[in-house]
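# sequence unknown, structure follows:
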Ligand SMILES: N[C@@H](CCC[C@H](N)C(=O)O)C(=O)O
């Protein structure tokens, strides 16, 4: 008997999902990394375990593709809400707990090829404004730099250098966002993700950080941004909290189940997962 998994993505940010309510999953860094590996594993930017919780409908644990457990994933939060719906948990408005605190997710649409999920995220208590960049914690750490055009940015090279720079070492590194202002309330971003150690097609906490940073940098009164990412379009809405931070942050966008499968509980000696051969 192997372990069932499902594969989801939110605007191209993709995840392995495991239901850990009745049978705990031993998420060692080696096993998570092996499952997320693009060529010999399932392939994903991250892995999430849905666990039971005494106070909320469920608990979300998030792991980056390198196997490290992280604090929050915006696109992951939207996808796990759809996963919970497919498991028959709760109604169209889900409450769940992540490492960084409680979240709500509204399933605006679940029929058809892609669901539309709105995720209530954490507050942003402080926005650091530096001459060359802004830094925000939207449940995960984000560096935000404004550029003329995201097309020409060496995201792989510059992203890796900033992600590993000493300036962010105390925070365990940072995710890196390059942001182009298309118009008031409309930005285009590309993100180098910590823990994936590469550019991803979308990053929910990054889109949130970039939209708030755009409002701060431009002084725009706009509080509802369209965010174009490589994998599609997200919407970010927020309100100032009157103390220099932001609250009532919402991240809305597509989420979709792609496939499901099964892997053997005991991985091969070389650390690669053994996938059940469908009979
Ligand atoms: N893709 C995620 C962010 C995942 C966590 C991030 N890589 C980190 O290291 O904290 C999102 O959609 O927010």
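Yep, it's here. Computed from a predicted model, the values in this text were never measured in an experiment. Numbers count the residues shown, from 1 in each chain.

# could you pull out the strands for the stretch 51-200 of the chain?
Using DSSP state E, counting those that start in this stretch, the strands of the stretch 51-200 of the chain run over 58-64, 69-70, 93-98, 101-109, 115-120, 127-129, 134-137, 141-146, 175-183, 186-193, 198-200.

# Using a markdown table, lay out the ones you listed together with mean neighbour count and distance to the ligand.
C-beta here means a position set from N, CA and C on the backbone, and glycine is covered the same way. Formatted as a markdown table, the strands of the stretch 51-200 of the chain follow (neighbours: other Cβ atoms under 10 Å; distance: least, Cβ to the nearest ligand atom, whole Å):
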| stretch | mean neighbour count | distance to the ligand |
| --- | --- | --- |
| strand 58-64 | 23 | 5 |
| strand 69-70 | 20 | 4 |
| strand 93-98 | 19 | 11 |
| strand 101-109 | 17 | 12 |
| strand 115-120 | 21 | 10 |
| strand 127-129 | 14 | 17 |
| strand 134-137 | 22 | 10 |
| strand 141-146 | 24 | 6 |
| strand 175-183 | 22 | 5 |
| strand 186-193 | 25 | 4 |
| strand 198-200 | 19 | 6 |
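
# Save those as a markdown table, and put in distance to residue 48 and mean pLDDT too.
Converted to a markdown table, those look like this (distance: least, Cβ to Cβ, whole Å; pLDDT from 0 to 100):
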| stretch | distance to residue 48 | mean pLDDT |
| --- | --- | --- |
| strand 58-64 | 5 | 98 |
| strand 69-70 | 10 | 96 |
| strand 93-98 | 10 | 95 |
| strand 101-109 | 13 | 95 |
| strand 115-120 | 13 | 95 |
| strand 127-129 | 28 | 97 |
| strand 134-137 | 20 | 97 |
| strand 141-146 | 19 | 98 |
| strand 175-183 | 17 | 98 |
| strand 186-193 | 15 | 98 |
| strand 198-200 | 15 | 98 |
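
# Turn the ones you listed into TSV, columns for distance to residue 250.
Converted to TSV, those look like this (distance: least, Cβ to Cβ, whole Å):
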stretch	distance to residue 250
strand 58-64	17
strand 69-70	21
strand 93-98	13
strand 101-109	9
strand 115-120	6
strand 127-129	18
strand 134-137	16
strand 141-146	17
strand 175-183	18
strand 186-193	16
strand 198-200	21
